[in-house]
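> Below is the sequence, then the predicted model.
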Amino acid sequence: MLSTPPVESDTRESLAAELARYRELVAASNEGIYRLDFDPPVPVGLPLDEQIERILASGRVVAANPAMAAMYGFERPEELIGRPVAEMLVAADPVTRESLRRFVEGGYRYRDVESVEVDRDGRERSFLNSAVGVIEEGCLVSAWGSQRDLTEQKATLERLRQSEQRFAEAFRLNPGAIAISTFDEGRFVDVNHAFAETIGLPRERLIGRTGNELGLWASPEERARIVRAVAERGFARRVPASVRRADGEARQALISAMALELGGSRCLLILAEDVTEATRIAEALRRSEQRFRAATDGSRDAFFVLEALRDDAGRVVDFVFADSNREGERLLGRERTEVVGRRLGELVSNRRGRAYQDRCLRVMASGRVLEEELDVAEPGAPSRWIHHQIVPLPEGVAIWSRDVTERRAVEAERRRLERSLADAQRLESLGVLAGGVAHDFNNLLTGIQGYAELARRKAGSDSPLVPLLDEILLGARRAADLTQKMLAFAGGGSLEVEWVRLNEVVAEMAELASAGFTAGRRLELELAAPGPGLEGDATQLRQVALNLMLNAAEALDGDGGRVRVATGEATIDRARLGRCLLGQDLPEGRYAFLRVSDDGCGMSDEVKARIFDPFFSTKFAGRGLGLAAVLGIVKAHRGAIELDSAPGEGTDFAVLLPISSRRS
């Protein structure tokens, strides 16, 4: 029996151990290591394009380490074995075609060549490959190679490119004058349009030149002060400086600056505001300072960049905050570091977040700027109006926002005052007219009534003319009553001032008014205890209470309904008085109130605007003087009227009268 020589046996064992270590090394490598076999082999003498097509058609994976399998989304190398090369490479991609061309033309080997391939889920991946082919009998039979995954690195570079593009666009569009220069020398690296326009030179003539060369500083010390401030504190804020435009005109500016790194060089970011005119116009100075404070961070408006977040199909499914300025921090109530990287829906409530997302999607789809004002307050909170300008970007949107709540409140107050002034002028005109007519009519009635009384006395009690004269006197008294109502509306009647207990007046008139209520209708009293007292004309106040109760009863629909009458005292502030009729000039304080409300048909805005006009009535048989008289009496008592009504919701009248201390 033959035995294996000892030396040959040791050599085989050494080779086996070496092979085992090699396999362990390949398995532990972070790079993908693989072997491809080509069946049938690819003749090396074929034209280039035909060789590439045969490599794609006949190549299969016959060996791979775990790192290689993981790059394609597999858990074990065995899952990758046997897969055709054509399923892994993106054959139509120019990068792939170029990598195969270099492999063939490089003698069937290449080093650090990029390829585009797909993983098991069909997602494109970028790899950096090195490979060497095995040629036997004039054919390519196999290839060994290694590769590194570049996908994340390329994605990071693309995000960086997009970020730089967004910042460049925001820099260019910023309304503030902004420039970037070298830190020590002050040579301009870039300026925005606003800066070039302020200086009076085109951007091309500023780039590469220093401010001292162009004569933009009144003296070199002006810039030196700013540089020292940045060196000591890291920034310069609103430093006064004397500068000159390109035409030599002297100007005063406020300069803000901060240091930054750009392309590995230390640079100075400068924000400049021309404040020359601010020294002459105080209001212009205030607005200029506001603009400048905002300009220190790029704009006086809140500014945000939202980056589109897409799904695997390329559809935009959300937006992520990519950047915000200091005003944006104030608007959101969060630091920039808390904002960047967060989704829109995380920082904005669901309701508003979806609305913002829809607007951003519309802007991206249309490519047009959207400008609007929105109330962004949460339900139940005071209104907060924000003016938005949404601008499309390549992969998202930029948003400028400004709080315009105060401006809208001022406009609303101005409109209210204009309406109040118009109402006051109209009522004053009607009062003058009604007073004039009432005085003239009263003079005529005095004569009619006097002569009728004389005629009755002369005719004697047995005369057949007595009934006719009585009718004349009755008509004259009714006409005199109408005259008193017109005088009350005009405020021209005399007041017999006395101490009035409001509860007693209301109770007395309620008993009288209830007689006119049909069955099914209710008159309910809610009188305060103790009741309010005031100085006034009791007769006229009785007329006010009765007119309001009868007016409420007539507003009820059908045979049912309820009229509620309440009295009491309340502290009335200026805001509430400002909303009242006749209340604009009254002082805030304690007031007695008489409130009459019904659940009748209610009134439209058109009816409410004319309800106190004399001779205006919605009732067929009405003379339209009841509420006009109420208005005149309340005005004479230095009171005010609240009116709340809407169609189908009933009506609420509240008469406010200045309260008096109870007499002893």
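Received it, and whenever you're ready, just let me know what you need.
> Quick check: G345 vs V634, distance?
Distance of G345 to V634, computed by CB to CB, to the nearest Å: 54 Å. In this view, the C-beta of every residue, glycine as well, is placed from N, C-alpha and C.
> typo on my end, it should be D274
In this view, D274 and V634 are 57 Å apart by CB to CB.
> In terms of packing, which of those two has more residues around it?
Taking neighbours as other CB atoms under 10 Å, D274 and V634 compare with V634 leading, 24 against 16.
> Secondary structure of the more buried one: a strand, I assume?
No - secondary structure of V634 (DSSP: H, G, I helix; E, B strand; the rest coil): helix, not part of a strand.
> Strands of the stretch 301-450 of the chain, start to end?
For the stretch 301-450 of the chain, applying DSSP state E, counting those that start in this stretch gives strands covering 302-310, 316-324, 370-375, 385-393, 396-403.
> Where in the protein is the helix or strand with the lowest mean pLDDT?
Counting by mean pLDDT, DSSP states H and E, the weakest-scoring helix or strand in the chain turns out to be helix 282-295, with a mean of 47.
> What pLDDT does the model give the residue most central in space within the chain?
Central residue of the chain (CA atoms, centre = their mean): I386, 3.5 Å from the mean position. On pLDDT, I386 comes in at 82.
> One more: E78?
E78 is given a pLDDT of 91.
> still on that earlier bit, quick check: the gap between the residue nearest to the centre of the chain and L657.
Here I386 is placed at a distance of 43 Å from L657 (CB to CB).
> Am I right that V369 is in contact with V363?
Yes - contact criterion CB atoms under 8 Å: V369 and V363 qualify, at 7.2 Å.
> would you turn the strands of the stretch 301-450 of the chain into CSV with distance to T571?
Formatted as CSV, those follow (distance: least, CB to CB, whole Å):
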stretch, distance to T571
strand 302-310, 40
strand 316-324, 45
strand 370-375, 31
strand 385-393, 31
strand 396-403, 32
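> And those strands: which comes nearest E152?
Closest to E152 of the strands of the stretch 301-450 of the chain, according to CB to CB: strand 302-310, at 16.7 Å.
> Neighbour count: V369 and V363, which is higher?
V363 (20 against 13).
> how about that one, what does it touch?
369-370, 390-392, 397 (CB atoms under 8 Å, 6 or more residues apart in numbering).
> For P40, which non-adjacent residue is closest in space?
Spatially, and ignoring its direct neighbours in sequence, P40 is nearest to S58 (5.8 Å; CB to CB, 6 or more residues apart in numbering).
> can you check G215 too?
In space, G215 is closest to R244, 5.9 Å off (CB to CB, 6+ apart).
> Isn't that neighbour up against G211?
No - counting by CB under 8 Å, R244 sits too far from G211 to count as a contact (9.6 Å).
> Which residues are in contact with each of those two?
Common contacts of R244 and G211 (CB under 8 Å, 6+ apart): W217.
> elements contacting the strand or helix carrying E261?
Per DSSP states H and E: E261 is located in strand 250-262. With contacts defined as 3 or more CB pairs under 8 Å, 6 or more residues apart in numbering; DSSP states H and E, the packing partners of strand 250-262 are helix 220-233, strand 235-244, strand 265-274, helix 282-295.
> ok, P394 - contacts?
162, 165.
> Then the one 10 residues further on?
If a contact means CB under 8 Å, 6+ apart, then V404 has 373, 385-387 as its contacts.
> now P66
P66 touches 27, 76-77, counting by CB under 8 Å, 6+ apart.
> swap the cut-off to 10 Å and go again
26-30, 32-33, 74-77, 80 (CB atoms under 10 Å, 6 or more residues apart in numbering).
> would you list every one of the strands in the stretch 1-150 of the chain?
32-43, 59-64, 109-118, 124-136, 139-149.
> D462: what secondary structure?
D462 - assigned by three-state DSSP - is coil.
> any idea how far L468 is from it?
14 Å.
> okay, and for the protein, where does confidence drop off?
Applying pLDDT under 70 to the chain flags residues 1-9, 279-300, 349-353, 378-380, 416-445, 476-495, 615, 619-625, 661-664.
> Tell me how many other residues surround E606.
8.
> Repeat that for the one 10 residues further on.
By the other CB under 10 Å criterion, the neighbourhood of F616 contains 17 residues.
> R161 now?
R161 has 10 neighbours, counted by other CB under 10 Å.
> so it sits in a helix?
Yes - per three-state DSSP, R161 lies within a helix segment.
> how far out from the middle of the chain is stretch 48-62?
How far stretch 48-62 lies from its chain's middle: 59 Å, per CA atoms, centre = their mean, to the nearest Å.
> The strand holding E261 vs helix 220-233, what angle?
40 degrees (axes from the mean of the first three to the mean of the last three CA atoms, to 10 degrees).
> Identify each buried residue in strand 250-262, please.
Using 16 or more other CB atoms under 10 Å as the test for burial, strand 250-262 gives 251-258.
> Could you do stretch 525-535 as well?
Those would be 527, 531-535, for stretch 525-535 by 16+ other CB under 10 Å.
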